[in-house]
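Engineer: This is the structure alone, sequence omitted:
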C-alpha cells in the first residue's frame, strides 16, 4: 500500500512516547506465566535475546535458535504462545524478514487450531510493523482486521487498544472527527476495565486533537482530565513531562505566554531529562524559549535555541532541526538581523523538502516571503501551491482510509456469511462446478486439436512459401551468375585476346622513324598493356563474385523490403550482424522472422504513414534479435486495442519460446523488438 510520512509538527510532542509505549499490542513480558519452566531451552534462548548486556547479533542469534527449537514442540497451543513472544522480540530487534516469517507461521498455526485471538495478534503485529515504517494505510488496514478478530475472541480490552492505535493514525492524517469517534469508543472499554494509563493517553490525545482544531478550552479540559487518571497510574513522571509540554503548547496558541512558560518549566524540572531523553529535552527547551521570544523576552533566547538545535543535530533529529532553524530565523528577524534570518529559514525549507515535512515547509516559506523581499512573490506562490495540494491530498487520504474501514468490514461480513452457508448448496455448487470444468476442458481440448491442425497446415504453408522464395532467389542468382560469367568470358576470350594480339603484333613491328615517332609507339604499346591488365582484373572480379554469391536469408529480406519501398514510397535501412551464420539458423525461425517482417511492414503501410523504416538483426550469446523501428504516427499502447497483426506476430514468436515487445507513443513512431534463443 501507499507510503505516507508522519506529520511531525511543532506541537505534536506527544507522538514520540505514544509510539514507543502505547500503540503496541504486546508488552515486554512472557505470555506463559508459570506454565513454562525456566529450564526450557526455548524459554532460555528467548530470555537471552532480551539480555541488555548482550550484543545485537547475539540477541538475534539466540532468538533464531529459540525459533528453530520450537519446531520440535508438539503442543500447538504452547507453540503458538512461544511464537507470539518470538514475533514480538523479532519486531523489537528490527529484523523485518525474520519478523514476517515468524508472524506468518503464527497465523497459519492459529488458523489450524482455530485461535481467533492468535489471528488477531498476527494482524496487530503487522499493524505495529507498518506503523513503525510509517506506512499508515497498511497499518490502519491491519489494525482494523485485528479489532474484528479481538472482538470475535471476546477480548474487548485488546480491541480497544487497537482502536486507540487506529485513532493515532486518524490524527496523523488530520481526520479529527474519525479520530475522536475511535477514541471515545476505546475510552468506554478502558473505563470499564479501569485501565488508568490507557485512559490518560486517550484523553491526552483528545487534548491534542482539539488543540489542532483550535478549540483550546476543550483541549485544556481533556489535558486536565488526562492528569486526573495519570495520578492513578504508575508512570506519572514520564507522562507528566509530556502533559506539561502539551498544555504549554495550548496556552501559547491562546496567547497566554506566561502560563505556557510555567508549564514548560514544569516539564524541564526533571534533572535527568537531558540524560535520559535528549530529544524530548531539546523539544521542550525549544518550545520554552520560542514562547519567551513571542512574549518579547529575548534574555537567553538565542543561546538556548542554539543549544536545542545542537542537541537535535547531535542525534540527527531532522524534523526537530527544521523547527529549531525556523524559530532561530524568527528570532533574528525580531533582532532585525535579516541575513541570518534568511539563512536559517532557507536551510529549514531545504531540510523540510528532504524529509517531506510539508507542514514545517509551509512555515519556512511564509517566513521567507516576509524576510526576502526580492523573492517574496516566488515564495508566496510556492506556499499557496503547496498548501492547496496538501489540502487536496488530505481529503484524498481521508477518503482512502474510510474505504479501507468499509472494505475490512465487508471482508469480515463476507467471511461470516460464507461459513454459514448450507452444506447442500455447497455440494450442488461443487457438482455444478465440476461439470462446468469438464465441459470447459472438453471444449478446450477440441479447440486445441483444431489449433494443432491449423498450426500444422500453417507450418506446411510457411515451408512452401519459404521454399518458393529460395527457389526464386536461386533462379535469380543463377541468371545473374550466368550473365556475369558470359561477360567475363567475353572480356577474357574475346576483347582481351584481340588486345593481346594487337599488342604483340605492334611489338614486332620494325619502325624506322625519328625518335619522337618511336616514343609515341612505345607509349601506345604501354597503354594497350594497361588496358589488358584492367580487363583481366575485371574478368577475375566477375569470376570471384560468381563464387561468392549465395542464396541466403538476407537476400530474401532485402528484396522483399526493396519491393515494398518502391510500391509504397518509404525509405529503409537494413543491418545484419556479421556474426550471424544464417545457414545454421533453423528454417522455422527464419520463416517466422520473415513473417514478422511482412506483418510489420503491412502495419506500417496501412496505419503508420512512416517515411523511414529501420531493421536490425543481431546475435549475442545464442540469442537472435530483430528490431523494427519506424518514424510513423505511433499509437497509445495502453488504450489502443491490439490488432490482429500484432497478435499474430506475438503468437508466432511465443511458439518459439521467444519474447515479443511493442513500444509506441503518439507522434513518436513504433518499435517492435523480437528475441529468440537459437
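Structural biologist: Right, received. Where do you want to start? Quick caveat: nothing in here was measured; it's all calculated off a predicted structure.

Engineer: Assign residue 667 to helix, strand or coil.
Structural biologist: Of the three states, residue 667 takes coil under DSSP: H, G, I helix; E, B strand; the rest coil.

Engineer: can you give me phi and psi for the closest residue to it other than its chain neighbours?
Structural biologist: Nearest residue to residue 667 in three dimensions, chain neighbours excluded: residue 634, at 5.9 Å (Cβ to Cβ, 6 or more residues apart in numbering). Quick note: C-beta positions are derived from backbone N, CA and C, even for glycine. The phi/psi pair for residue 634 (degrees, to the nearest 10) reads phi 70, psi 180.

Engineer: isn't residue 634 right next to residue 665, touching?
Structural biologist: Yes - Residue 634 lies in contact with residue 665 (Cβ atoms under 8 Å); the separation is 5.2 Å.

Engineer: In terms of packing, which of the two has more residues around it?
Structural biologist: Legend: neighbour count by other Cβ atoms under 10 Å for residue 634 and residue 665, higher for residue 634 (20 against 12).

Engineer: Below-threshold pLDDT in the stretch 551-678 of the chain: ranges please.
Structural biologist: 551-552, 640-641 (pLDDT under 70).

Engineer: Would you map the strands across it?
Structural biologist: Applying DSSP state E, counting those that start in this stretch to the stretch 551-678 of the chain gives strands spanning 571-576, 612-620, 623-630, 659-664, 670-677.

Engineer: which parts of the fourth one are buried?
Structural biologist: With burial defined by 16 or more other Cβ atoms under 10 Å, the residues of strand 659-664 counted as buried are 660, 662, 664.

Engineer: Excluding its own residues, what touches it? List them.
Structural biologist: Contact with strand 659-664 is made by 634-637, 646, 649-650, 653-654, 670-676, as judged by Cβ atoms under 8 Å, 6 or more residues apart in numbering.

Engineer: redo that, cut-off 7 Å
Structural biologist: For strand 659-664, contacts defined as Cβ atoms under 7 Å, 6 or more residues apart in numbering pick out 634-635, 637, 646, 649-650, 653-654, 670-675.

Engineer: and what of the third one?
Structural biologist: If you take Cβ under 7 Å, 6+ apart as the criterion, strand 623-630 is touched by 585, 593, 596, 600, 604, 608, 610, 612-618, 669-678.

Engineer: Recalculate using a threshold of 8 Å.
Structural biologist: 580, 585, 589, 593, 596-597, 600, 604, 608, 610, 612-619, 669-678.

Engineer: Filter those residues down to the buried ones, PyMOL style.
Structural biologist: Those of the contacts of strand 623-630 that count as buried under 16+ other Cβ under 10 Å are selected in PyMOL with:
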select buried, resi 580+585+589+593+596+597+600+604+608+610+613+614+615+617+619+669+670+671+672+674+675+676
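
Engineer: of the buried residues of strand 659-664, closest to residue 353?
Structural biologist: Nearest to residue 353 out of these is residue 664 (Cβ to Cβ; 36.2 Å).

Engineer: what bridges to that closest one?
Structural biologist: residue 670 (DSSP bridges).

Engineer: Where do the domain boundaries of this structure fall?
Structural biologist: 426-548, 553-677 (automatic domain parsing).

Engineer: May I see the buried residues of the host helix or strand of residue 250?
Structural biologist: Using DSSP states H and E, residue 250 sits in helix 236-254. The neighbour-count check on helix 236-254 (16+ other Cβ under 10 Å) flags 239-252, 254 as buried.

Engineer: And for stretch 328-346?
Structural biologist: For stretch 328-346, the neighbour count (16+ other Cβ under 10 Å) marks 328, 329, 330, 331, 332, 333, 341, 342, 343, 344, 345, 346 as buried.

Engineer: again, but for stretch 621-638
Structural biologist: Residues of stretch 621-638 classed as buried: 624, 625, 626, 627, 628, 629, 630, 631, 632, 634, 635 (neighbour count, 16+ other Cβ under 10 Å).
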